[in-house]
Structure formats: structure tokens, C-alpha cells
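Visitor: After the sequence you'll find the predicted model.
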Amino acid sequence: MRNVLRSMMTGAAALLMLGGAQAADGVDAIKQRGTLNVGVKADYKPFGYRDPTGNVVGIEPDLAADIAKRLGVKLELVPVAASNRIEFLQQGKVDLLIATMSDRPERRRVVQAIEPLYYSDYVNILLNKKAGIKDWAELKGKPVCATSGAWYNKDVAKSYGPEIVAFDGSEKPLFAMKQGNCIGYLYDQTFLQGKLLEDEWKTDYALPLKGVLPSPWMIAVALENTSLQKLLEDTTKDWMKTGLIVEAEKKWGITPTEYSLLMHEQYKDK
């Protein structure tokens, strides 16, 4: 009986060790495997979304492809959502995340952020043109759709006074806006720019306001995955030096952000 228990405990310990190793596979392990598994969004045009053939494409899949090329391995894109992306990384289902993930203190406690941060977005409102809104101050007392749990909902309500009408996800508030329940949708500026690339939205809606509340995004790897962290830090600096992210924004229809242009300017002569 003791031997059985000892074997069970040894097996459990091995599984725990294996799980930890999977969650922190470094550069050598990835090269030996021959595949880089990257968590990306599949519902966030143009950063990561499915094309008509079902393939996941966009700015962040392009960045993932560049990393795989540098490693000399195949790329496997793994669709993730805000609710499961960190869990996927911790469980070893992905080697890294490039998934529109805002840099927040609570996230830095459980994953390793890659410095310098590769991107920074703003908060904005996709507005019905008929609303005639030209300034954030004009939102006071007006209903604005939003996504439940977004960190900036309270900040915008406090600063500009709109009535926040929150829904789960991004499709429900867009539908509610189209039904006339609110004059606009408060969300990440780049996502809203992506919506304006679609015929469904570009005729009656616009982004007339200047983005507020800058929100840096981070690439993340598992804690203590130092070899992959180092490679990604060098890669990010090279992206900024060459202007690769600026070119990716232009390729996918996004106006280059102040952050992307500033970082390219900062690194281009280094």
C-alpha cells in the first residue's frame, strides 16, 4: 500500500513539474518542438479576426508570424478571449500572448510583461452621426453603450457625465446602439476603427472625438520564462526600430497611433 501511495505521489509531482514546464517552455524547448503557439484574438478586427475562409488574420497574427520566423519554427495561432487568455498561458496551451491585453498591475502579478510595451491604445466612442457630438463634454446626461467590466467605464462617467448602459461583450452593445438605446459605444479606439472599415458601420457612424485614457498593451509570457522574455524584448525593440508595427497598422487600415510613431522615432537610430 505504501508503495502504491508513493507511486501516486511521485506521479502527481511529475505531472505538476510537467505542467510548470509546459507553462514556461523557453526558446530551446520551442525550437525542439518545432512550433510556436501564440494566443491571439479572433474577434477583434483588425488586430485578430477570422477572414472569410476561417483563418485568423490581422496585426497581431502578423507579429506572431514574425516571432516564429525569427525562431525558425512553424506558427500555431490559438484563439483566446479576455476571460481565458491568462489561463491558457499559465496552463501551457500557448507560449505567449499577443491578444490586445491592457497592461494592468494585477496582470503583472501573474504573467511576465514584455518591455518595451509593443502598443498603446486609447478609449473612444463610436457615435451615431445624427447625435452631432463634437466634444466629450457634450456627452453629459446622454446614454452611452459600453462593455460590462471595462476598467474605463467609471472614469469616463465621472469625467464626462454620460449615462453608461453596459452589456456583456462587444456585439450586444453594438446591437443596442443600432437599436437606438444609446448614441454611441464606448470601447477601445482601435476596435472601433476596425468597425469603421465595415460597410455596416461606416455610413452612419464615426469617431469625431479625440481618444482619451491611453491604455498600453503588453505581450505576455509565463513568469520566469527568461529565455523567451529576452528574445521578445529584443524583437519588440527591433519592431520599433524598423517601424514594423507602424507598417502593420497601415496595412490593416488603422491610423498609426501616437505611441507607435513615437516609439519608432525613439528607436530608429539605435
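Guide: Looks like it came in fine.
Visitor: Residue 85: neighbour count?
Guide: 25 (other C-beta atoms under 10 Å). Using the backbone N, CA and C atoms, a C-beta is placed for each residue, glycine as well.
Visitor: where along the stretch 101-250 of the chain do the strands fall?
Guide: 112-113, 119-128, 143-147, 163-167, 184-188, 205-206, 212-217, 220-221 (DSSP state E, counting those that start in this stretch).
Visitor: Dump those to CSV, plus mean neighbour count.
Guide: Listed next are these as CSV, based on neighbours: other C-beta atoms under 10 Å:
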stretch, mean neighbour count
strand 112-113, 20
strand 119-128, 23
strand 143-147, 23
strand 163-167, 16
strand 184-188, 25
strand 205-206, 21
strand 212-217, 17
strand 220-221, 26
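Visitor: can I get those strands in JSON lines with mean pLDDT?
Guide: Output for the strands of the stretch 101-250 of the chain, formatted as JSON lines (pLDDT from 0 to 100):
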{"stretch": "strand 112-113", "mean pLDDT": "98"}
{"stretch": "strand 119-128", "mean pLDDT": "95"}
{"stretch": "strand 143-147", "mean pLDDT": "95"}
{"stretch": "strand 163-167", "mean pLDDT": "95"}
{"stretch": "strand 184-188", "mean pLDDT": "95"}
{"stretch": "strand 205-206", "mean pLDDT": "96"}
{"stretch": "strand 212-217", "mean pLDDT": "93"}
{"stretch": "strand 220-221", "mean pLDDT": "98"}
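Visitor: want to throw the ones you listed into CSV with distance to residue 77?
Guide: Shown next, in CSV, are the strands of the stretch 101-250 of the chain (distance: least, C-beta to C-beta, whole Å):
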stretch, distance to residue 77
strand 112-113, 21
strand 119-128, 18
strand 143-147, 24
strand 163-167, 28
strand 184-188, 20
strand 205-206, 30
strand 212-217, 17
strand 220-221, 16
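Visitor: Show me the one of the ones you listed that comes nearest residue 102.
Guide: Of all the strands of the stretch 101-250 of the chain, strand 212-217 sits nearest to residue 102, with 4.9 Å by C-beta to C-beta.
Visitor: Before I go, just wanted to say thanks for your time.
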